[in-house]
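**Q** coords please:
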Amino acid sequence: MRQTQKLQRKGRVSLIDVEAVAERFEHGGRGAVSNQTGRFERETHEAFDDGWGTVEEAAGRLETTLTPEAARTIITYNRSPDISFDRTINPYRGCEHGCVYCFARPTHAYQGLSAGLDFESRLFFKPDGPALLKRELARPSYVVRPIALGMNTDAYQPVERRLRLTRTFLEILAAHNHPVTLLTKSALIQRDIDLIAPMAEKGLARVGVSITTLDPRLSRRMEPRAAAPHKRLETIRALADAGIPVIAMTAPIIPALNEPEIERLLEAVAENGASSAGYVLLRLPYELKDIVHEWLAEHYPDRAARIINLLRDMRGGQDYDANWFERGRGRGPHARLIAQRFQKAARRLRLDQPRPRLRTDLFRPPEGPGGQMQLDV
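**A** Presented below is the predicted three-dimensional model:
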């Protein structure tokens, strides 16, 4: 029997038992290795040998479930000084893309679920979201600023093909000339170029496309149900050709894994029409550190300890540092080296241009309650 061994959380990692697995599933196309218990739960579960020789058996194929969620509001506001937007709409909770590094994974704990396999297989959607958006935009007290669509979990994950929630939100925003930004790693966004391009022409829209690697094998392991690297480059090209400003997000940067690709990634996105680029260092809040550590031990045992220690060196010896601005960049010699490499390559490729400001003066709110139109002032 293989014994489960937790990775060290403090101090330096010197050895990882690559045979250690907390719970095995037949989870082809999934990112997380296990389904560890959420941090708010009173009980935890783990596999053990009961003497019947079943500990190594798969627990069956993991299917995706979809549950409607009743939301009271649809626009979420934030005051984080290191985030470029102050409001966002997330049509979905959880994300079937299964990116092992996703910073939103720990939010599933608020549903009493795991940040592991639950996050990528037990999804929630907001069917009342479009009606709520119209109501919120119609409020006399509403102050227009760009809405970031799908910043927590991808607004263009596979279920969007069927539910079309993201497209409905875009139709509402377009109808009322409301500025919007989008961030995705899905080629599905090309479906909505007919909406986004006219908005961009008015100065109302820009798009970020996340691309983490040019290596198809690494991409399949790290973000198993997201678009392949070549499809993301094709998406950048299609958006740029339609006149839509495209920001390439090479995020997250993971030292000793996709970090060596920084220059090649920037060259590829520049060749395909991106107008600017940005990056974020891998963040490991709450349960995410255990999920990523376990994934590294499973897929990259030869360098897992080195990657973890490099990340800790850039976080003051901890797995995560939540301080504003530093959480996305890190600190110390290796963090400075990453920043210098990125800035030098971006400058050479003219990807360091300011992001276009979006207009707010064109906004016309929906009708208020009872059909009352808002007065222009």
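**Q** quick one: P365 is in a helix?
**A** No: if the criterion is DSSP: H, G, I helix; E, B strand; the rest coil, then P365 is coil and not within a helix.
**Q** part of a helix, is A346?
**A** Yes: read with three-state DSSP, A346 is one of the residues of a helix.
**Q** touching, it and S275? I think so.
**A** No: between A346 and S275 there is no contact under Cβ atoms under 8 Å: 11.3 Å. (C-beta placed from N, C-alpha, C; glycine too.)
**Q** which residues do the two both contact?
**A** Here A346 and S275 have no joint contacts, going by Cβ atoms under 8 Å, 6 or more residues apart in numbering.
**Q** how deep is P356 tucked in, by neighbour count?
**A** 14 (other Cβ atoms under 10 Å).
**Q** and it, how close does it get to M249?
**A** Here P356 is placed at a distance of 16 Å from M249 (Cβ to Cβ, to the nearest Å).
**Q** and if you look at A71?
**A** Relative to M249, and taking Cβ to Cβ, A71 is found at 27 Å.
**Q** ditto for L362
**A** Distance, L362 to M249, using Cβ to Cβ: 27 Å.
**Q** pick out whichever of these two has more residues nearby.
**A** M249 (20 against 15).
**Q** that one is in what secondary structure piece?
**A** Per DSSP states H and E: M249 is located in strand 246-253.
**Q** now that strand, how far from the chain's geometric center?
**A** Taking the mean C-alpha point of strand 246-253 and that of its whole chain, the gap between them comes to 11 Å (Cα atoms, centre = their mean, to the nearest Å).
**Q** check which element follows it along the chain.
**A** By DSSP H and E, the next helix or strand past strand 246-253 is helix 262-271.
**Q** could you tell me the end-to-end distance of stretch 154-173?
**A** 18 Å (Cα to Cα, to the nearest Å).
**Q** on that earlier part again, just the C-alphas of the strand holding M249, formatted as CSV.
**A** Presented in CSV, the C-alpha positions along strand 246-253 are these (Å, rounded to 0.1, in the frame of the first residue of the first chain):
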residue,chain,number,x,y,z
VAL,A,246,-6.0,42.4,-26.8
ILE,A,247,-4.0,42.2,-23.6
ALA,A,248,-2.0,38.9,-23.4
MET,A,249,-1.9,37.7,-19.8
THR,A,250,1.0,35.3,-19.3
ALA,A,251,-0.4,34.3,-15.9
PRO,A,252,0.5,32.7,-13.7
ILE,A,253,4.3,32.6,-14.0
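**Q** helices and strands around that strand, which ones?
**A** Packing partners of strand 246-253 (3 or more Cβ pairs under 8 Å, 6 or more residues apart in numbering; DSSP states H and E): strand 205-210, helix 229-241, helix 262-271, strand 276-281, helix 333-348.
**Q** ok, now which ones touch the closest residue to A270 other than its chain neighbours?
**A** Spatial nearest neighbour of A270, excluding adjacent residues (Cβ to Cβ, 6 or more residues apart in numbering): L349 at 4.1 Å. Contacts for L349 (Cβ under 8 Å, 6+ apart) come out as 266-267, 270, 277.
**Q** again with V246
**A** V246 neighbours (Cβ under 8 Å, 6+ apart): 206-209, 236, 239-240, 273-275.
**Q** who does it form a beta bridge with?
**A** V207 (DSSP bridges).
**Q** any idea how far it lies from L66?
**A** Counting by Cβ to Cβ - V246 and L66 are separated by 30 Å.
**Q** the closest residue to I74 other than its chain neighbours: neighbour count?
**A** Leaving aside its sequence neighbours, I74 sits nearest to L132 (Cβ to Cβ, 6+ apart; 4.0 Å). Applying other Cβ under 10 Å, we find 16 residues neighbouring L132.
**Q** check the offset of the host helix or strand of L132 from the chain's centre.
**A** If you go by DSSP H and E, L132 is part of helix 129-137. In this view, helix 129-137 has its centroid 24 Å away from the chain centroid, taken as Cα atoms, centre = their mean.
**Q** report the mean confidence score over that helix.
**A** Regarding helix 129-137, the rounded mean pLDDT is 97.
**Q** same check on stretch 158-178?
**A** Mean predicted lDDT for stretch 158-178 stands at 98.
**Q** quick check: buried residues in that stretch?
**A** 158-160, 165-170, 172-174, 176-178 (16 or more other Cβ atoms under 10 Å).
**Q** do stretch 275-288 as well
**A** Here stretch 275-288 shows 275-288 as buried, counting by 16+ other Cβ under 10 Å.
**Q** in those residues, find the pair that's most separated.
**A** S275 and E287 (35.8 Å; Cβ to Cβ).
**Q** farthest-separated two in the contacts of L349?
**A** Taking Cβ to Cβ, no two of the contacts of L349 sit farther apart than E267 and A277, at 10.6 Å.
**Q** residues near the closest residue to E136 other than its chain neighbours, how many?
**A** Spatially, and ignoring its direct neighbours in sequence, E136 is nearest to I75 (5.4 Å; Cβ to Cβ, 6+ apart). Other residues lying near I75 total 15 when counted by other Cβ under 10 Å.
**Q** ditto for A238
**A** Applying other Cβ under 10 Å, I find that A238 has 17 neighbouring residues.
**Q** show me what contacts it?
**A** 190, 193.
**Q** state the mean pLDDT of stretch 40-48.
**A** Here the average pLDDT along stretch 40-48 is 66.
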